[in-house]
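Asker: compute the structure for the input listed below.
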Amino acid sequence: MTGTPRTPDRAGVNRPLGIWLAAWAAMLFVLILIGGGTRLTESGLSITEWKPIAGVIPPLNHAQWVDAFNRYKAIPQYLAIHAGMTLEQFKGIFLWEYMHRLWARLAGVAFLVPLLWFLARGMVPRAMRGRLWLLLVLLGLQGALGWFMVASGLSGRIEVSQYRLAAHLAAALLIYGATVWTAADFLAGAPRPAGADLARVRRWAWILTGAAVTTAIAGAFVAGLRAGKMFNTFPLMAGRFAPPGYWSLSPWPRNFFDNPAAAQFDHRILAESTAVAILAFWWWTRRRDVPIRVHRAVTLLALAVVVQVTLGVLTLLNAVPVPLGVAHQAGAVVLITTGLLAAHTARQKADHG
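Answerer: Prediction:
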């Protein structure tokens with residue numbers, strides 16, 4: 001039975017839905033980090049089957065663990081990277097991938113069940129229903145894309161395709177970003193008219209967020225090619241600005257996606273350019289007549305990029321240890337979040353105080 005529809009607190013504001021989506025965005029944030037840890041620990045191929053329902057239950061006894069281990073031994077990665085691994089060591093990488101898949105399933109439940117409850121109570125504005133259903137569809141497609149990525153490493157390769165890895169991360173960031181934006185819509189309300197300065201801030205916040213996303217996706221190619229394990233110096237690479245062998249592959253466009261040296265260099269250049277642009281944006285915004293909360297949002301964006309660049313350099317200099325690698329991925333998501341919130345805040349005409 002449908003309950004009495006709830007009215008927003010003020011124009012466009014719906015706090016219960018906003019809080020739910022903000023919490024779900026936090027859940028997606030954790031999912032992205034678990035995925036990063038799975039890649040860094042070479043754990044992603046440890047589960048060689050895709051069972052969306054039955055896969056919730058892990059091996060429960062010794063015989064089941066041995067069976068799972070034997071399936072892993074049958075793929076090329078085992079002999080190339082993990083030959084001689086013990087059953088106990090296998091359990092360690094298996095549990096990384098298992099947690100990744102389990103958390104993704106829990107994220108689906110944590111979205112679908114509250115959505116149905118809010119719909120039953122008439123709390124979801126008609127204009128937003130399509131967007132919320134689309135998020136659920138995208139999450140399901142992301143699961144299929146994840147398996148498509150894993151399947152690329154089960155035969156003929158010793159790791160997943162860097163193209164599919166980048167696509168999987170890009171889809172995750174799309175779902176996460178859309179969730180953050182929608183949560184902000186529910187919590188902040190409808191946009192109001194803004195001046196020219198605020199419009200420019202909004203436009204540049206979008207451009208710089210796009211640059212941060214592009215840099216993160218370039219980072220997926222670095223991870224997929226294990227390019228972070230080479231040229232572990234900064235700011236030069238083998239004593240040079242550009243690394244030797246940048247154009248070693250033919251035809252030349254392959255270097256951007258298949259050449260580890262080129263992938264790392266491109267990621268560096270994108271990161272450095274994005275950082276400089278964000279800091280310049282912060283400096284420019286300080287001199288604009290915009291609401292104080294917009295200044296604060298842009299300052300958070302600038303702080304986020306400083307932290308992220310620091311994490312990136314530390315990760316590189318230490319040849320990508322797992323904790324720093326995961327922290328660097330977290331920094332990328334935080335940077336994208338602050339960019340989105342800066343753009344969203346600039347939609348609002350706020351008080352100067």
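Asker: what's the worst-scoring helix or strand of the chain on mean pLDDT packed up against?
Answerer: Using mean pLDDT, DSSP states H and E, the weakest-scoring helix or strand in the chain turns out to be helix 76-81, at a mean of 89. If you count contacts as 3 or more Cβ pairs under 8 Å, 6 or more residues apart in numbering; DSSP states H and E, helix 76-81 packs onto no helix or strand. Glycine gets a C-beta too; all of them are placed from N, C-alpha and C.
Asker: show residues contacting that helix.
Answerer: Contact with helix 76-81 is made by 42, 45, 72, 85, 153, 155-159, as judged by Cβ atoms under 8 Å, 6 or more residues apart in numbering.
Asker: turn these into CSV, columns for distance to residue 208, secondary structure and neighbour count.
Answerer: Putting the contacts of helix 76-81 into CSV (distance: Cβ to Cβ, whole Å; DSSP: H, G, I helix; E, B strand; the rest coil; neighbours: other Cβ atoms under 10 Å) gives the following:
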residue, distance to residue 208, secondary structure, neighbour count
42, 33, coil, 16
45, 35, coil, 26
72, 42, helix, 19
85, 43, coil, 15
153, 34, coil, 20
155, 41, coil, 9
156, 39, coil, 8
157, 35, coil, 14
158, 37, coil, 15
159, 32, coil, 20
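Asker: among the residues you listed, which two are most distant?
Answerer: Taking every pair in the contacts of helix 76-81 and measuring Cβ to Cβ, the maximum separation is 21.0 Å, between 85 and 156.
Asker: just give me how far stretch 265-283 sits from the chain centre.
Answerer: For stretch 265-283, the distance between its averaged C-alpha position and the chain's averaged C-alpha position is 19 Å (Cα atoms, centre = their mean, to the nearest Å).
Asker: repeat for stretch 77-88
Answerer: Remark: stretch 77-88 is offset 29 Å from the chain centroid, using Cα atoms, centre = their mean.
Asker: quick one: end-to-end length of that stretch, please.
Answerer: Taking Cα to Cα, to the nearest Å, stretch 77-88 runs 18 Å from one end to the other.
Asker: now do the buried residues in that stretch.
Answerer: For stretch 77-88, the buried set under the neighbour-count rule, 16 or more other Cβ atoms under 10 Å, comprises 77-78, 82.
Asker: again with stretch 286-306
Answerer: Buried residues in stretch 286-306, counted by 16+ other Cβ under 10 Å: 290-291, 294-295, 297-298, 300-302, 304-305.
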